[in-house]
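Engineer: Predicted structure and sequence below. I'll ask about it afterward.
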Amino acid sequence: MQQCGSIYSLALRLICIATLTISVANLAYARTVKSLLEMRRENVVVQKWDLSCGAATLTTLLNFQHQDMVTEKQVAIALMGREEYIKNPLLVNIRQGFSLLDLKRYADARGYEGIGYGKLTLDDLVKKAPIIVPLKLLGYNHFVIFRGIKGNRVLLADPAWGNRTLLIEQFENAWIDFPQIGKVGFVVARTDGTSTPNLLEPKADEFVMFR
């Protein structure tokens, strides 16, 4: 009987250890599970104000492409610090936000080279990604970051929505075509001679999740 009791006790201990191991494993798994909202906003700075999409997209590039941590508020305050905005704060509203020239001045002042390109094609965006592009959505001008393309969809880091996809036709129609300079884009390049790969390059499953 004593031997049976010892065997029973040992078996009970093994069951407890196994149960504890499974519980710990489940806990570790639970901690790594992300909600769709978390995944949608991963590596995207979501704008806090109606007209701050320019500041948010620039902050996204600095944070996640160049690992230069700055907040949208800091960028927006710096952009608003220009003399023309101090004299006329309503100018941002009149222009429906900041301009690409505003973003360039901030990037340059921070030690980067802000480069604007005109007469771009979709193939050009793929080669230069991640790149900020101006879209006209629901009647409003809006900055997003073009991350990449797969099949018939493009993946965008949209400061008003998070990561999202659009059909190529939808994107092409929304991409603003300016007189003379055509469709434009804006990149933030390093000035130390190093070339940074697209750290925002999309994963295949993102084109399925973010429809």
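Structural biologist: All right, it came through fine. Residues are numbered from 1 along each chain as shown.
Engineer: Count the residues that sit near Asp192.
Structural biologist: 6 (other Cβ atoms under 10 Å). Every C-beta, even on glycine, is put in place using the N, C-alpha and C of the backbone.
Engineer: Quick one: the helices in this protein, in order.
Structural biologist: 2-32, 36-40, 53-60, 72-80, 83-87, 91-94, 100-109, 122-128, 168-174, 206-209 (DSSP state H).
Engineer: ok, now which ones touch Phe171?
Structural biologist: 122, 135, 154, 156 (Cβ atoms under 8 Å, 6 or more residues apart in numbering).
Engineer: So among the residues you listed, which ones count as buried?
Structural biologist: Neighbour counting by 16 or more other Cβ atoms under 10 Å classes 135, 154, 156 among these as buried.
Engineer: Could you measure from the closest residue to the first one other than its chain neighbours over to Lys183?
Structural biologist: I take that to be Leu135. Spatial nearest neighbour of Leu135, chain neighbours left out: Ala174 (4.2 Å); criterion: Cβ to Cβ, 6 or more residues apart in numbering. As judged by Cβ to Cβ, to the nearest Å, Ala174 and Lys183 stand 11 Å apart.
Engineer: So for stretch 46-59, what gets flagged as buried?
Structural biologist: Buried-residue list, stretch 46-59, by 16+ other Cβ under 10 Å: 46-47, 51-59.
Engineer: send the alpha carbons of the longest strand seen in the chain over as CSV?
Structural biologist: Taking DSSP state E as the criterion, the chain has its longest strand at strand 140-150. Provided in CSV are the C-alpha atoms of strand 140-150 (Å, rounded to 0.1, in the frame of the first residue of the first chain):
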residue,chain,number,x,y,z
TYR,A,140,-10.4,66.0,-48.7
ASN,A,141,-6.7,66.1,-49.3
HIS,A,142,-4.9,63.5,-47.2
PHE,A,143,-1.4,62.3,-46.7
VAL,A,144,-0.7,58.5,-46.5
ILE,A,145,2.4,56.4,-46.7
PHE,A,146,2.7,53.9,-49.6
ARG,A,147,4.2,50.7,-48.2
GLY,A,148,4.0,48.3,-51.1
ILE,A,149,1.9,46.4,-53.6
LYS,A,150,0.7,42.8,-54.0
